[in-house]
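A structural model of the following input is requested.
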Amino acid sequence: MNRNPLLPLALALGLGWTGATWAAPTAEPVAPSDVVVSSDTTSPQPDRRRVARPLWELGLGVGGLSLPDYRGAAERSNHVLPVPYVAYRGEWLRADREGARAVLLDARNVEIDLSVNGSPPSRNRDDGARAGMDDLPATVEIGPNLNVTLWRSGSRGARLDLRLPVRTAITLERSPRSIGTVFTPNLNLDLDGVAGGWHVGLLGGPMFATRHYHQHFYGVDAADATAQRPAYRASGGFAGWQALASVSRRFERTWMGAFVRYDHLDGATFEDSPLVQRRQHFTAGIAVSWVFATSGEMVLVDD
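Here you go, the predicted structure:
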């Protein structure tokens, strides 16, 4: 159960529980698929199909989440938490199936926005790899993202994007501190209208991070070293792979979504850390939200 008031916020950021879609943590961890922030639509695009949608929609629901305490941990946590549903379709600020973002550039096949991700807090267990060490605080990651559309189907039911987010990670605690930089290039395939109206998202790619970032999660200081847990200094570079699959659907007054994410740490620069106990693991979640408020103002958006 939730023992930290920052947990819902951290999970929402890290695992992409944004309003109009089930995007992916980071997420990643995490996802992996990223929560994004983006501003200027530079020119009209006559080949886009436009439909009328409410300017904003609000909802609230509940979700269940099962995930490791951190990437590479043997211990897992299960959480039940509130899931907000927020859709906003403004000219500059948007929250839709592609995440929450403030659009910096929106050309025909290129978009630059602000990517946001994060990780939940982790309390050390008496019998875990981090026993006796400081708890891991929740983190938020923020930075620019270049999104390039590589392919669209003629019916606009499918789209393949290359996403190139670079984010700085900051701890969420009384005295926040920077813990390094993360680069998570990925390919993202979106499929609409699957099996009668479901949205399917598939995402995968490598992860890279600075030495400071890896040291935060996988380093062991001399003061924390034991016979079973020797001191360890992490290095920067390759951090493994992530792949994520998600499904979501909006009904008249409800939204449903689920995802599963696979992490593979073989070859990561920190794989020999004594804190890495599992080199492969899954994260999964499911959520349902009720949409209780809708704007009377309609706007034209891409279908």
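
buried sites along stretch 271-290?
The neighbour-count check on stretch 271-290 (16 or more other CB atoms under 10 Å) flags 273-276, 281, 283, 285-289 as buried. C-beta: built from backbone N, CA, C; applies to glycine.

would you turn those into JSON lines with distance to Arg89, secondary structure and pLDDT?
Shown next, in JSON lines, are these (distance: CB to CB, whole Å; DSSP: H, G, I helix; E, B strand; the rest coil; pLDDT from 0 to 100):
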{"residue": "Ser273", "distance to Arg89": "44", "secondary structure": "coil", "pLDDT": "98"}
{"residue": "Pro274", "distance to Arg89": "48", "secondary structure": "coil", "pLDDT": "98"}
{"residue": "Leu275", "distance to Arg89": "43", "secondary structure": "coil", "pLDDT": "98"}
{"residue": "Val276", "distance to Arg89": "42", "secondary structure": "coil", "pLDDT": "98"}
{"residue": "His281", "distance to Arg89": "36", "secondary structure": "strand", "pLDDT": "95"}
{"residue": "Thr283", "distance to Arg89": "30", "secondary structure": "strand", "pLDDT": "96"}
{"residue": "Gly285", "distance to Arg89": "25", "secondary structure": "strand", "pLDDT": "95"}
{"residue": "Ile286", "distance to Arg89": "26", "secondary structure": "strand", "pLDDT": "96"}
{"residue": "Ala287", "distance to Arg89": "21", "secondary structure": "strand", "pLDDT": "96"}
{"residue": "Val288", "distance to Arg89": "22", "secondary structure": "strand", "pLDDT": "96"}
{"residue": "Ser289", "distance to Arg89": "17", "secondary structure": "strand", "pLDDT": "95"}
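
which one of these is nearest Arg174?
Leu275 (24.2 Å; CB to CB).

would you list every one of the helices in the stretch 101-250 of the chain?
211-218 (DSSP state H, counting those that start in this stretch).

Point out where it drops to low pLDDT.
For the stretch 101-250 of the chain, the stretches with pLDDT under 70 are 101-107, 156.

Take the buried residues of stretch 271-290 and write them to a markdown table, including distance to Thr149.
Formatted as a markdown table, the buried residues of stretch 271-290 follow (distance: CB to CB, whole Å):
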| residue | distance to Thr149 |
| --- | --- |
| Ser273 | 38 |
| Pro274 | 43 |
| Leu275 | 39 |
| Val276 | 36 |
| His281 | 31 |
| Thr283 | 27 |
| Gly285 | 27 |
| Ile286 | 29 |
| Ala287 | 27 |
| Val288 | 31 |
| Ser289 | 28 |
